[in-house]
Every structure is written in C-alpha cells, then in structure tokens.
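> below are the sequence and a predicted model for it; my questions follow.
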Amino acid sequence: MPRQEEIRAGAGFGRGALSDAMKMRMRRYGLLGAALVALGIAGHLAPGRAQGEVKPPAPAVEPDRPSVERRLVSVRTLIESSSAAREIEASANPDAIARRNQARQTARLASVALEGGDLKSAGSLLEEAARLLIGAARLARGERSREDSDQREVSRRMESARALLAAQRRISAEKPAAGTAELATKVETLLDEAKAHAEAHRYAAARPLVEQAYLMAKASVSAMRGGDTLVRSLNFASKEEEYHYEIDRNDTHRMLVTLLVQRKGTEGPQVRDAVERAQGLRGEAEASAERRDFVEAIRLLEESTRELVRAIRGAGVYIPG
C-alpha cells in the first residue's frame with residue numbers, strides 16, 4: 001500500500017477498524033493525540049524541523065526469552081550476592097532489609113511470569129526488583145554513614161580521654177596524690193572496653209564507656225589544680241575568667257555523677273543528698289556572678305564541686321578533690 005494510503009487507513013477512525021491499543025490511546029490522549037500517534041507524528045517532530053518532515057518511530061523491541069532469562073540471573077545475583085547486598089546485610093538497617101525482601105519477592109514474581117511465557121511482564125518485574133534493591137542499598141549507605149559518624153565521634157572522645165589520662169599521670173608523677181594511680185587504672189580499663197566495643201562496631205555500647213573515662217580523667221586533672229597536688233599553678237586574667245573555669249569544672253563533675261548513676265541504675269541517699277547540696281551552692285554561685293561578685297561565686301562553686309566529688313565517691317569512683 002502506498003504511504004499516503006497507509007496514513008488514510010490509519011486515520012479512518014469511524015470504520016470500526018480500531019485496534020484495542022488504539023482505543024486505549026484515544027482514551028488516554030484524546031482524539032487528536034491518538035491521531036498523531038497513528039500518523040507516527042507524536043513525539044517525533046524535532047524542534048526546527050519543517051512540519052511536513054516526519055521522523056518515523058523506532059520499532060518496538062519485544063523481549064525474547066533468552067534475554068529475560070539472563071536478566072533474571074543478573075537480578076538474582078544483585079539481590080543475593082552483590083556488594084550492594086553485602087552492604088545491606090552489614091548495615092542492619094530494617095528499612096533497607098525490608099526493601100531487599102520486596103526485591104526478592106518481585107524477582108520471584110518475575111520468574112513465575114517467565115515460566116508462564118509472559119516475557120513482557122517478567123521484564124518489567126525484573127526492572128522493578130533491581131530498582132528496589134538499589135533503593136535498599138542507598139538506605140544502607142545512609143546507615144553506614146551514620147556508623148562512620150559514630151566511629152569518628154567515639155575515636156575523637158577516646159583520643160581526648162587518653163590525652164587527659166596522660167596529663168593526669170604526668171601531674172601525679174610530680175607529686176603523687178591518694179587515689180590517682182587507681183583512677184588512672186580505671187580510666188585505662190574503661191578505654192580498653194570502649195575500644196573493644198568500637199572495633200566490633202558496637203558504638204552505642206562504646207560511647208558511655210569512653211564518656212565516663214573522659215570525664216573521670218578530666219575531673220581528676222582539674223582537681224589537681226587545688227592544694228599542693230599540682231606543682232604549677234593556673235593563672236587567670238581576671239576573677240571572671242576563673243569563675244568560668246570553675247563553672248566548667250562543676251559541669252564536668254555533674255555530668256560524671258549523672259553518668260555513674262545511670263550506669264549503676266540507682267541513686268543512694270548519700271549521692272542524692274550531696275547532689276542536692278551541690279545544686280543549691282551552684283545556684284548561689286550563679287546569683288553572685290550576676291551581681292559581679294566573682295570572688296564569692298568562685299568560692300561557692302568550689303564548695304559545690306566538692307559536694308559533687310563526695311557524690312562521685314559515693315557512686316563508687318574515687319577521684320581526688
């Protein structure tokens with residue numbers, strides 16, 4: 001049939017010769033859109049092309065059984081043994097694991113479609129299975145990123161704790177004080193336990209251990225500034241600067257008390273009473289600081305910190321102070 005007659009035949013919508021596919025196109029695109037599809041024009045008019053020049057549509061490629069079978073093997077490998085699959089398993093991300101299971105189920109449905117000879121459906125299902133698995137891998141990578149962040153946080157805190165422990169040992173070597181050697185041993189033990197958890201990627205278990213080690217070492221070093229424990233003295237530019245130093249010391253001891261009580265699971269009356277006295281003295285110190293009476297504020301803060309030292313000892317950890 002000449003090309004012009006083909007077009008006329010394809011455009012003869014009123015003659016009862018419409019295929020089911022054409023009826024669907026009419027419902028989807030409307031009469032004009034279906035006519036353009038029938039004429040091979042829709043989607044093929046290039047910008048700047050003369051209206052009479054029509055690019056013929058590319059012929060649809062029907063999937064064949066061997067190619068779908070190869071695709072099924074490839075998708076199964078992607079789901080079960082690829083690097084993306086291993087990444088999902090390592091992440092333990094429940095959303096990623098659930099999406100991988102969806103990919104498995106979709107691949108099974110594709111296999112059923114293939115066995116039934118529905119190659120087109122099988123191909124579509126395999127594409128969906130691959131998309132699900134890739135999405136699961138992206139979720140897993142997000143989880144691994146958080147794990148990497150946890151690892152860096154624990155590593156930095158551990159490094160700081162070890163630096164403070166080294167300082168505590170140097171200071172106590174200058175003039176030994178009661179309990180400093182035992183405290184250093186406890187800090188070292190905590191850091192070793194935290195390191196073992198971190199190496200096994202158990203960062204939630206490592207974090208409180210390394211935090212306790214850090215606070216214990218910091219509290220010990222800061223306590224050595226008083227009395228004759230520390231040979232060299234700290235020099236402050238002003239009483240206000242010294243006040244802020246004492247605030248930091250007080251905060252360190254308060255955090256250590258809280259962490260010890262949380263780990264122990266109970267708060268005895270001795271600890272509770274000491275904490276309450278410390279809180280009262282801290283409030284008075286802050287009120288004095290608001291009046292710019294930093295000398296009185298420092299004195300009250302030092303008393304507050306001494307109460308917190310009693311609370312820490314009552315919780316089972318001896319620190320100087």
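Cool, got the structure. Numbering: from 1, shown residues only.

> gap between the longest helix along the chain and the chain center?
Ordering each helix of the chain by length in residues (DSSP state H) puts helix 119-174 first. Centroid separation for helix 119-174 versus its chain: 7 Å, with CA atoms, centre = their mean, to the nearest Å.

> what about that helix, average pLDDT?
Helix 119-174 carries an average pLDDT of 86.

> and it, what does it pack onto?
Under the contact criterion of 3 or more CB pairs under 8 Å, 6 or more residues apart in numbering; DSSP states H and E, the helices and strands touching helix 119-174 comprise helix 65-80, helix 83-91, helix 94-115, helix 180-199, helix 203-223. Every C-beta, even on glycine, is put in place using the N, C-alpha and C of the backbone.

> can you give me the buried ones in the shortest one?
Within helix 83-91, the residues that count as buried by 16 or more other CB atoms under 10 Å are Ala84, Ala85, Glu87, Ile88, Ser91.

> what would those residues look like in a markdown table with pLDDT?
Rendered in a markdown table, the data for these read as follows (pLDDT from 0 to 100):
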| residue | pLDDT |
| --- | --- |
| Ala84 | 90 |
| Ala85 | 91 |
| Glu87 | 89 |
| Ile88 | 91 |
| Ser91 | 84 |
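
> which residues touch Ala205?
Remark: with contacts taken as CB atoms under 8 Å, 6 or more residues apart in numbering, Ala205 is in contact with His197.

> again, but for Ala285
Contacts of Ala285 by CB under 8 Å, 6+ apart are Glu246, Glu296, Ala297, Ile298, Leu300, Leu301, Ser304.

> can you say which helix or strand has the closest residue to it other than its chain neighbours in it?
If you skip the residues right next to it in sequence, Ala285 has Leu300 as its closest partner in space, 3.7 Å away by CB to CB, 6 or more residues apart in numbering. For Leu300, the host element (DSSP states H and E) is helix 294-314.

> name the stretch among the helices and strands packed on helix 119-174 that sits most buried.
Ranked by average neighbour count under the criterion mean count of other CB atoms under 10 Å, the helices and strands packed on helix 119-174 are headed by helix 203-223 at a mean of 23.

> so the next helix-or-strand element following that helix versus helix 203-223, what angle?
From helix 203-223 onward toward the C-terminus, using DSSP H and E, the following helix or strand is helix 239-264. Using axes from the mean of the first three to the mean of the last three CA atoms, to 10 degrees, the direction of helix 239-264 lies 140 degrees away from that of helix 203-223.

> average pLDDT for helix 239-264?
When the per-residue pLDDT values of helix 239-264 are averaged, the result is 88.

> count of neighbours near the residue nearest to Ala285?
Residue neighbour count, defined by other CB atoms under 10 Å, stands at 24 for Leu300.

> circling back: would TSV of the contacts of Ala285 with distance to Lys195 be doable?
Supplementary listing: the contacts of Ala285 in TSV, determined by distance: CB to CB, whole Å:
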residue	distance to Lys195
Glu246	32
Glu296	44
Ala297	40
Ile298	38
Leu300	39
Leu301	34
Ser304	34
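
> Glu242 and Phe236 touch, don't they?
Yes - look at Glu242 against Phe236 with CB atoms under 8 Å: they come within range, at 4.1 Å.

> between these two, point out the one with more neighbours.
Here Glu242 and Phe236 are set side by side on neighbour count (other CB under 10 Å), and the busier one is Glu242, at 18 against 12.

> dump stretch 74-94 to CSV, restricted to CA.
Taking C-alpha atoms only, stretch 74-94 is exported to CSV below (Å, rounded to 0.1, in the frame of the first residue of the first chain):
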residue,chain,number,x,y,z
SER,A,74,21.6,-11.0,36.9
VAL,A,75,19.0,-9.6,39.2
ARG,A,76,19.1,-12.6,41.5
THR,A,77,22.9,-12.1,41.8
LEU,A,78,22.3,-8.4,42.5
ILE,A,79,19.9,-9.3,45.3
GLU,A,80,21.7,-12.1,46.9
SER,A,81,25.5,-11.8,46.5
SER,A,82,26.5,-8.4,45.1
SER,A,83,28.4,-5.8,47.0
ALA,A,84,25.2,-3.9,47.4
ALA,A,85,23.6,-7.0,49.0
ARG,A,86,26.5,-7.3,51.4
GLU,A,87,26.3,-3.6,52.3
ILE,A,88,22.6,-4.0,53.2
GLU,A,89,23.3,-7.0,55.4
ALA,A,90,26.2,-5.2,57.2
SER,A,91,24.1,-2.1,57.8
ALA,A,92,21.3,-3.9,59.8
ASN,A,93,19.0,-1.1,58.6
PRO,A,94,15.5,-2.5,58.9
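
> outside of it itself, list whatever touches it.
The contact list for stretch 74-94, computed with CB under 8 Å, 6+ apart, reads 96-97, 100, 103-104, 107, 110, 126, 129-130, 133-134, 136-137, 139-144, 147.
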